[in-house]
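>>> structure for this input, please:
(one chain, ligands or ions: 1)
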Amino acid sequence: MSEQDTGKEVGRAAAAVQGEQAVPSMPEAMVGDVVAGQLVELGPGVRRLTAPNPGMMTGPGTNCYLVGTDEVVVVDPGPDDEGHVDALVEAGAGRIRWIALTHTHVDHWPATPALKERTGAEVVAFVAKDGLEVDRTLADGDEVGGLTAVHTPGHASNHICFWDAGRRLLFTGDHVMSGSTVVIAPPDGDMAAYLASLEKVRALRPAALAPAHGPLLTDPDAYLEHYITHRLAREAAVADALAAAGPAGADTEALVKAVYVDVHELLHPVARFSVWAHLRKLTADGRATGADVDDPDTTWVAIP
Ligand SMILES: [Zn+2]
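Model prediction:
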């Protein structure tokens, strides 16, 4: 399956089912409402403008952050919508110096060329792809406008978070979302990398997380712990279902049915990506084999 097909299928499946992504018993972490088109001051020098692209995959819309006072970095300018770009330019008041992308999924970067054109800002990202052109690539630990890039592969291989050490605030992109889990769609999505990246940002001990979708998260440690626990519980359930299939093994589809018994079938196409991502991780961990780990329809067998 090509990456493009993967993306389409995720989109279709997600369009069918918002509820899938809601994590049960998520700690109370919502702070205020997020409304498309609204510019909100989160603190001195940190503002959030939510783009007018609400939807199943984007929640209330993509959050674009303006960070800084005299010189402003825009984190994830969002979709190429004229009114939205106007609003960013107005909010920037001639001070936008950098446009920083967390990753290159289509709800995060397409406003970049228009915003660059109108501000002359420098465009930075970890690895430019999916159509984005950058002026500078950032490595893990590089700085832009007072923010430090933290490479966090998992949701996307080129994903970075931006760490504001002074405020102990982490701009998470799609690494962490408010009130929902994140889609990990192989081959670009990688569950093992994702879990390691969750631990990596947890070790920063942030005071708050500013996600690209949904409100600010003000209890990062509990939230990240819940995220990690939830993923490991799913991984254990997938491993158990695979072991129960015996030496004949099972395909991804059968394991989705076995693991997601409590979830409506409409959600299974999205769940299939997660299960496939878990199976690839189990294989890498030496706990399963798959004839072709790049093919979700391959037969998987547990290694006892
Ligand atoms: Zn994304």
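>>> do a quick rundown of the helices in the stretch 101-250 of the chain.
112-119, 191-202, 220-244 (DSSP state H, counting those that start in this stretch).
>>> packing partners for the longest one?
Counting contacts by 3 or more C-beta pairs under 8 Å, 6 or more residues apart in numbering; DSSP states H and E, the secondary-structure elements packed against helix 220-244 are helix 191-202, strand 208-211, helix 252-259, helix 268-284, strand 299-302. C-beta here means a position set from N, CA and C on the backbone, and glycine is covered the same way.
>>> which positions in the helix or strand following the fourth one come out as buried?
The one in question is helix 268-284. The helix or strand immediately downstream of helix 268-284 is strand 288-290, counting by DSSP states H and E. For strand 288-290, a neighbour-count test (16 or more other C-beta atoms under 10 Å) marks 288, 289, 290 as buried.
>>> now do stretch 192-208, average pLDDT.
On average, the pLDDT along stretch 192-208 is 97.
>>> ok, now stretch 277-290?
Mean pLDDT, computed over stretch 277-290, is 97.
>>> that stretch spans what distance, first to last residue?
Terminal residues of stretch 277-290 are spaced 12 Å apart (C-alpha to C-alpha, to the nearest Å).
>>> next one: stretch 175-192
With C-alpha to C-alpha as the measure, stretch 175-192 spans 13 Å from end to end.
>>> stretch 78-98 too?
For stretch 78-98, the first and last residues are 14 Å from each other (C-alpha to C-alpha).
>>> chain center to stretch 289-304, what's the gap?
Offset of stretch 289-304 from its chain centre (C-alpha atoms, centre = their mean, to the nearest Å): 26 Å.
>>> need the contact partners of it.
1, 186-187, 239, 242-243, 245, 247-253, 255, 272-273, 276, 279-280, 282-283, 286-288 (C-beta atoms under 8 Å, 6 or more residues apart in numbering).
>>> give me the subset of those touching the ion.
Applying C-beta under 5 Å from the ion, the subset of the contacts of stretch 289-304 adjacent to the ion is empty.
>>> look through this protein and state the residue closest to the ion.
residue 105 (3.3 Å; C-beta to the ion).
>>> before I go, just wanted to say thanks for your time.
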